[in-house]
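below is the sequence, then the predicted model.
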Amino acid sequence: MQIAFLLFDGITALDAVGPYEVLSRLPDAHVRFVAAHVGPQRCDMGSLALTAEHSLADVPSPDIVVVPGGPGTRELLANAEVLDWIRTAHRTSAWTTSVCTGALLLGAAGLLVGTPATTHWRALEDLAACGAVPTRARVVETGKIITAAGVSAGIDMALLLAQRVAGDRVAQAIQLIIEYDPQPPFDAGSPDRASAAVAALARELLQPPAAAAGIDGVTGEVYKALVGYV
């Protein structure tokens, strides 16, 4: 079972790594990290890179497609090579999935027209502009397309997909292996529950200067030019 993760500069690491920790443990799983250009793909905060060892052409027909999100998706919305790969892979995939703003790439590829889907809370309006029917649900399954909300929701999506592929016991065993038992110290993980002050700070931190402040050797202007922002 070939599982392709799309990588790109400006990816949010957990969008890919969270589902990877789940899906790579499925029976007979063969994971391929793919990108338009083989090599390291710099994550959104700059200090971490994930390596794509395969080009898009190397993996044309994966059984499972995972499209992560992150600020870098903005640069790919008009990238014909990436969008063509998503469309082509989707034609023969058993499952096509996204995490966070990866849903915008599914939308830009024309896969979500009239389809209920979710994404990061800051990008729901953009998802509607792609023709999707946006929802605030954490995970949305419509046919063979599964979309997940922001970042950590990718783990939930992957566990649901593991259940669909290999059954309850395997999915639950994987959950136990990764000890996925969320007990956050705060109830601020959704805009519906976070205070107005926390939501305002989150929006501020998502802006390029604040986001770039922690990037070694990369100024805010360079960061914006490199990957855009949510």
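Yes, it's here.

please enumerate the strands of this protein.
Ranges of strands within the chain are 2-6, 30-35, 39-42, 49-52, 54-55, 64-67, 95-99, 116-117, 133-134, 139-142, 145-148, based on DSSP state E.

contacts only, for the residue nearest the centre of the chain.
The chain has residue 68 as the residue nearest its centroid, 2.1 Å off, counting by C-alpha atoms, centre = their mean. Listed by C-beta atoms under 8 Å, 6 or more residues apart in numbering, the contact partners of residue 68 are 5-7, 11-12, 15-16, 19, 98-100, 102, 154. All C-beta atoms are positioned from the backbone trio N, CA, C, and that covers glycine.

turn those into JSON lines, columns for pLDDT and distance to residue 81.
What follows is the contacts of residue 68, written out as JSON lines (pLDDT from 0 to 100; distance: C-beta to C-beta, whole Å):
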{"residue": "5", "pLDDT": "98", "distance to residue 81": "17"}
{"residue": "6", "pLDDT": "98", "distance to residue 81": "11"}
{"residue": "7", "pLDDT": "98", "distance to residue 81": "14"}
{"residue": "11", "pLDDT": "98", "distance to residue 81": "17"}
{"residue": "12", "pLDDT": "97", "distance to residue 81": "21"}
{"residue": "15", "pLDDT": "98", "distance to residue 81": "20"}
{"residue": "16", "pLDDT": "98", "distance to residue 81": "19"}
{"residue": "19", "pLDDT": "98", "distance to residue 81": "23"}
{"residue": "98", "pLDDT": "98", "distance to residue 81": "18"}
{"residue": "99", "pLDDT": "98", "distance to residue 81": "21"}
{"residue": "100", "pLDDT": "98", "distance to residue 81": "21"}
{"residue": "102", "pLDDT": "98", "distance to residue 81": "16"}
{"residue": "154", "pLDDT": "98", "distance to residue 81": "24"}
